[in-house]
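In: my questions concern the predicted model and sequence given below.
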Amino acid sequence: MAGISVEFSRVGKRFGARPVLAAVSGTLRPGEVLVVAGPNGAGKSTLLNILAGVLRPSRGAVSYRRGDVDVPRRDWFENLGMASPDMAVYDELSALENLRFFGRLRGHAVADATLGGLLETLGLPAREHHRPVGTYSSGMKQRVKLAQAALHAPAVLLLDEPSSNLDAAGHEAVAALVARFRPHAAVAVATNDPREIAWGDARLDLAL
């Protein structure tokens, strides 16, 4: 099956009287990593949330396309994985329980062995998988968020500051995740981290 591209044209966003984005255009293509860079407050997270369908743009348009065919907005969610600092996980649930829940929410029943393997790949050892996430460090929670984004092998992967709260080993795990998805998925990474910028095949710079 052909991959999905995400096209955005002259996207703008205002929060009340405050403009955040103005006429931003670009394309996420399968097999490429687009890096979205820019100073704090330039709208990197806002743009990724618009591309995910979490926010509606104040102007402009976003479309998901499989080849020459538009993907209906109602079907974006099942093709999308996203991790961002603002996303929440359920503190009272374990890492495995969180992933089971998010998988079922998407209509995917993923085996615990597969989920556990994904968590280990992202640097969360098996001994931690059954402990409540509320007892985790911020870096451990970030690994769960990344696993939640990747568990259903999405065609579009959006990562907002993916290495935040992670140590050097965690950064390497994120780099491996991006490398795993790069051949077939459309990937966007919002970041100012030079190590993450180096992953990009293309770059979009936002300004204040």
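Out: Happy to help now that I have it.
In: low-confidence regions, this structure specifically.
Out: Within the chain, the set of residues satisfying pLDDT under 70 comprises 1.
In: could I get the full set of strands for it?
Out: 4-15, 18-28, 32-37, 59-66, 69-71, 80-83, 156-160, 186-190, 202-205 (DSSP state E).
In: got the angle for the first one vs strand 156-160?
Out: Compare the direction of strand 4-15 with that of strand 156-160 by axes from the mean of the first three to the mean of the last three C-alpha atoms, to 10 degrees and you get 40 degrees.
In: mind giving me the packing neighbours of strand 4-15?
Out: The contact analysis (3 or more C-beta pairs under 8 Å, 6 or more residues apart in numbering; DSSP states H and E) places strand 4-15 against strand 18-28, helix 44-51, strand 59-66, strand 186-190. For glycine as for every other residue, the C-beta is placed from the backbone atoms N, C-alpha and C.
In: now with 6 Å?
Out: Contacts defined by 3 or more C-beta pairs under 6 Å, 6 or more residues apart in numbering; DSSP states H and E place strand 4-15 against strand 18-28, helix 44-51, strand 59-66.
In: for it, what is the distance to the chain centroid?
Out: Using C-alpha atoms, centre = their mean, to the nearest Å, the distance from the centre of strand 4-15 to the centre of the chain it belongs to is 16 Å.
In: picking that back up, deepest-packed of the helices and strands packed on strand 4-15, please.
Out: helix 44-51 (a mean of 24; mean count of other C-beta atoms under 10 Å).
In: report the angle between that helix and strand 186-190.
Out: On the basis of the same axes, to 10 degrees, helix 44-51 is oriented at 150 degrees to strand 186-190.
In: list the contacts of Ala113.
Out: Contacts here follow C-beta atoms under 6 Å, 6 or more residues apart in numbering; on that basis Ala113 touches nothing.
In: could you measure from it over to Gly103?
Out: Distance, Ala113 to Gly103, using C-beta to C-beta, to the nearest Å: 13 Å.
In: among the strands of the chain, which comes closest to Tyr136?
Out: strand 80-83 (15.1 Å; C-beta to C-beta).
In: tell me what the closest one is packed against?
Out: Counting by 3+ C-beta pairs under 6 Å, 6+ apart, strand 80-83 packs on helix 138-150, strand 156-160.
In: quick revisit: okay if I get the strands of the chain as JSON lines plus distance to Lys141?
Out: Output for the strands of the chain, formatted as JSON lines (distance: least, C-beta to C-beta, whole Å):
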{"stretch": "strand 4-15", "distance to Lys141": "27"}
{"stretch": "strand 18-28", "distance to Lys141": "26"}
{"stretch": "strand 32-37", "distance to Lys141": "23"}
{"stretch": "strand 59-66", "distance to Lys141": "29"}
{"stretch": "strand 69-71", "distance to Lys141": "31"}
{"stretch": "strand 80-83", "distance to Lys141": "11"}
{"stretch": "strand 156-160", "distance to Lys141": "14"}
{"stretch": "strand 186-190", "distance to Lys141": "19"}
{"stretch": "strand 202-205", "distance to Lys141": "28"}
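In: alright, that wraps it up for me.
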